[in-house]
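# A predicted structure for the sequence below; I have some questions about it.
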Number of protein chains: 2
Amino acid sequence: MKIVLLGSGNVATHLAKALKAKGENVAQVYSPNLINAKSLADQIEAEAIDDLSQVNQTADLYIISVKDDAIESIAISLKKVKGLVVHTSGTTDVKVLSAHVKQAGVFYPLQTFSKAKEVSFNNIPLCIEATDENQLDILKQLASELSNQVYEMDGKKRKVLHLAAVFACNFPNHLYALANQILDQNGLDFNIIRPLIAETADKVMANLPENVQTGPAMRADESTMNKHLGMLENLPELQNIYQTLSNSIKLTLK
Amino acid sequence: MKIVLLGSGNVATHLAKALKAKGENVAQVYSPNLINAKSLADQIEAEAIDDLSQVNQTADLYIISVKDDAIESIAISLKKVKGLVVHTSGTTDVKVLSAHVKQAGVFYPLQTFSKAKEVSFNNIPLCIEATDENQLDILKQLASELSNQVYEMDGKKRKVLHLAAVFACNFPNHLYALANQILDQNGLDFNIIRPLIAETADKVMANLPENVQTGPAMRADESTMNKHLGMLENLPELQNIYQTLSNSIKLTLK
């Protein structure tokens, strides 16, 4: 299977390395910035290109892994290829591709990727979709090589999943950052709170979060909540977040 | 060292088992509800009592592990004992004890405890404080038996830590629950999002959260945020949380 990767960001990088590790042939890496294309291409022994006219026309699979609003213009440049064209976006409809290319699909890895950290694809849920049954089978086979969690999923469910991921990943990480801000202002190191963060996540691996909620709001402990709000007096933004989330927890008590 | 445990909730239970596992002698477990006292006492071969007048007067250490507003009345009942009296609360001043007992201290484990899940005390930060230097040494020794993360900390810092813990633990867990609500309403299982939760927490074990933030708010991707807000139209509470946290993330971009 000959693959062309269009993009060189976090998702593209982790995906390219995972494909390479499974022996797949990623022939080209495209980025409008040649340095970025080269930096990734060199890691997986691929050709780096920075012009869409250089894209190999005979690949089996084209993976567009770029910012959502850049997907369509790349799809337009792939009008003539016969291979399957997929994007890796959680929020973009497959129609953005199928309006332009012959064979369209989606290959959405539900994970948070940073260049700073290696991840194993084994446990990453891969959500796939294709407009053609045969192409779906090809995609399913490739996905199963990378991960043992492959889900066929239409765009509506994928978008729901992407929204849920913001609540389960992006927002918790920001709350970790706010916790660090509070600690830092008082000369305490983030390290002291790391075991708590690890345990909080670990707890919901075998339990549903609503069954293991703890803390002052869950105990309707108004006295502690008022003390906390008082401590945040000079941080009105954090005070607002504290109030908003505590109220939301209290709603679950009814 | 003879220990009396006053309380039988989550913290008391996990602490009692950890002490027992280290060969410490927890002689009594008190709870106003004898069934609760017995249930824990039986697990650690201790005596169960439900009357404060039955408390052994010659113990070395009395651990009060009850709701914050019940700590003082128990301390009053321990006026005559010579041993060290500590509580396990993050928010309660040591003075609540020292106003009544001869030797007072704090033994605060920074962790989230649920009966549903065993935890290892090894990595739990134990924050200790005592009004007397000798008693602090005793407490330090006991804490070091249980955990390799022992912190001497005054009440002011401990309260900051407790506040940070709400942001790092209670609020993220509630966001997991909201994610599950979104998934559930659309026929998706919580299991699909578990790897993302695990990775999000794992990522900050070796990085600071502000350095690994991802998501639409971090990319200032207004188009995706507007789509998400639209999807939450019938859930105004979640819409409000989405907006509040996204705004807070956007503030970090400046």
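Looks like it came in fine.
# tell me how many other residues crowd the closest residue to A:H174 other than its chain neighbours.
With Cβ to Cβ, 6 or more residues apart in numbering or on different chains as the criterion, A:H174 has its nearest non-adjacent residue at 5.1 Å, and that residue is B:I249. (Glycine included, C-beta is placed from N, CA and C.) By other Cβ atoms under 10 Å in any protein chain shown, the residues close to B:I249 number 21.
# A:Y242 against A:G230, yeah?
No: with contact defined as Cβ atoms under 8 Å, A:Y242 does not reach A:G230; the gap is 10.7 Å.
# between these two, who's got more neighbours?
The residue with more neighbours, out of A:Y242 and A:G230, is A:Y242; 23 against 9, by other Cβ under 10 Å.
# contacting residues around the residue in the stretch 51-200 of chain A that chain B sits nearest to?
Closest residue of the stretch 51-200 of chain A to chain B, Cβ to the nearest Cβ: A:N170 (3.0 Å). By Cβ atoms under 8 Å, 6 or more residues apart in numbering or on different chains, the contact set of A:N170 is A:T112, B:Q213, B:T214, B:G215, B:P216, B:A217, B:M218, B:I249.
# neighbour-wise, give me the winner out of the residues you listed.
That'd be B:A217 among those, by other Cβ under 10 Å, with 27 neighbours.
# can you confirm that residue is in a helix?
No: applying DSSP: H, G, I helix; E, B strand; the rest coil, one finds B:A217 to be coil, outside a helix.
# which SS class is A:E129?
Per three-state DSSP, A:E129 ends up strand.
# tell me how many other residues crowd it.
Other residues within reach of A:E129, judged by other Cβ under 10 Å, total 22.
# how close does it sit to B:Q28?
Distance, A:E129 to B:Q28, by Cβ to Cβ, to the nearest Å: 62 Å.
# now do the residue nearest to A:D132 when sequence neighbours are not counted, the pLDDT please.
The shortest distance from A:D132 to any non-neighbouring residue, by Cβ to Cβ, 6+ apart, is to A:Q103 (5.7 Å). If you check A:Q103, the pLDDT there is 97.
# A:V86 belongs to a helix, doesn't it?
No: secondary structure assignment (three-state DSSP) places A:V86 in strand, not in a helix.
# from the centre of chain A, point out the most distant residue.
Most distant from the centre of chain A: A:S223, at 38.9 Å, with distances by Cα atoms, centre = their mean.
# quick check, that one in contact with B:K67.
No: using Cβ under 8 Å, A:S223 makes no contact with B:K67, being 10.2 Å away.
# JSON lines for the contacts of A:N170, including distance to A:E237 and pLDDT?
JSON lines is the format used below for the contacts of A:N170 (distance: Cβ to Cβ, whole Å; pLDDT from 0 to 100):
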{"residue": "A:T112", "distance to A:E237": "24", "pLDDT": "86"}
{"residue": "B:Q213", "distance to A:E237": "16", "pLDDT": "93"}
{"residue": "B:T214", "distance to A:E237": "21", "pLDDT": "91"}
{"residue": "B:G215", "distance to A:E237": "18", "pLDDT": "92"}
{"residue": "B:P216", "distance to A:E237": "19", "pLDDT": "94"}
{"residue": "B:A217", "distance to A:E237": "14", "pLDDT": "96"}
{"residue": "B:M218", "distance to A:E237": "16", "pLDDT": "94"}
{"residue": "B:I249", "distance to A:E237": "11", "pLDDT": "97"}
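# among those, which one lies nearest to A:Q54?
B:T214 (30.1 Å; Cβ to Cβ).
# got the contact list for that closest one?
B:T214 sits in contact with A:N10, A:T112, A:F113, A:S114, A:C169, A:N170, A:N173, where contact means Cβ under 8 Å, 6+ apart.
# let's see it at 6 Å
Counting by Cβ atoms under 6 Å, 6 or more residues apart in numbering or on different chains, B:T214 touches A:T112.
# can you check A:Y62 too?
Counted by Cβ under 6 Å, 6+ apart, A:Y62 has contacts A:V4, A:L78, A:G83, A:V85.
# list the beta-bridge partners for it.
A:V4, A:V85 (DSSP bridges).
# for the contacts of A:Y62, give me a markdown table that also has pLDDT.
Listed next are those as a markdown table, based on pLDDT from 0 to 100:
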| residue | pLDDT |
| --- | --- |
| A:V4 | 98 |
| A:L78 | 98 |
| A:G83 | 96 |
| A:V85 | 98 |
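# now those in CSV, with neighbour count?
Formatted as CSV, the contacts of A:Y62 follow (neighbours: other Cβ atoms under 10 Å in any protein chain shown):
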residue, neighbour count
A:V4, 26
A:L78, 22
A:G83, 22
A:V85, 27
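# where do the helices sit along the stretch 151-254 of chain A?
Taking DSSP state H, counting those that start in this stretch, the helices of the stretch 151-254 of chain A run over residues A:155-165, A:171-185, A:194-206, A:222-231, A:236-251.
# tell me the most buried of those?
helix A:171-185 (a mean of 23; mean count of other Cβ atoms under 10 Å in any protein chain shown).
# next, the angle helix A:236-251 makes with that one.
130 degrees (axes from the mean of the first three to the mean of the last three Cα atoms, to 10 degrees).
# which other residues reach helix A:171-185?
Contacts with helix A:171-185, where a contact means Cβ under 6 Å, 6+ apart, come from A:190, A:193, A:238, B:163-164, B:167-168, B:171-172, B:175, B:200, B:204, B:209-210, B:213, B:245, B:249.
# could you list the domains of chain A?
With domains defined by automatic domain parsing, chain A comprises A:2-153, A:159-251.
# may I see those domains organised as TSV, with distance to B:V119 added?
Shown next, in TSV, are the domains of chain A (distance: least, Cβ to Cβ, whole Å):
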stretch	distance to B:V119
domain A:2-153	23
domain A:159-251	6
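# so which of the ones you listed gets nearest B:E45?
Nearest to B:E45 among these is domain A:159-251; the distance by Cβ to Cβ comes to 27.4 Å.
# how far does that closest one sit from the chain's center?
22 Å (Cα atoms, centre = their mean, to the nearest Å).
# can you check stretch A:14-33 too?
17 Å.
# ok, stretch A:119-133 next?
12 Å.
# for stretch A:23-41, same thing?
Relative to the mean C-alpha coordinate of its chain, stretch A:23-41 is positioned 20 Å out (Cα atoms, centre = their mean).
# up against chain B, what does the stretch 1-150 of chain A have?
Selection of the stretch 1-150 of chain A residues close to chain B by Cβ under 6 Å from any Cβ of the partner chain yields A:T91, A:L110, A:Q111, A:T112, A:S114, A:A116, A:K117, A:N123, A:P125.
# looking at these, which is nearest A:D42?
Closest approach to A:D42 among the residues of the stretch 1-150 of chain A next to chain B (Cβ to Cβ): A:A116, at 19.2 Å.
# so what's the closest one up against?
So A:A116 contacts B:N207 (Cβ under 6 Å, 6+ apart).
# try 7 Å this time
Shown in contact with A:A116 (Cβ atoms under 7 Å, 6 or more residues apart in numbering or on different chains): B:N207, B:V212.
# now swap in A:L163 and tell me
B:I182, B:H228, B:M231.
# next one: it, what pLDDT does it get?
98.
# could you do the one 5 residues further on as well?
Confidence at A:A168, expressed as pLDDT, is 98.
# cool, the one 5 residues further on as well?
According to the model's per-residue confidence, A:N173 sits at a pLDDT of 98.
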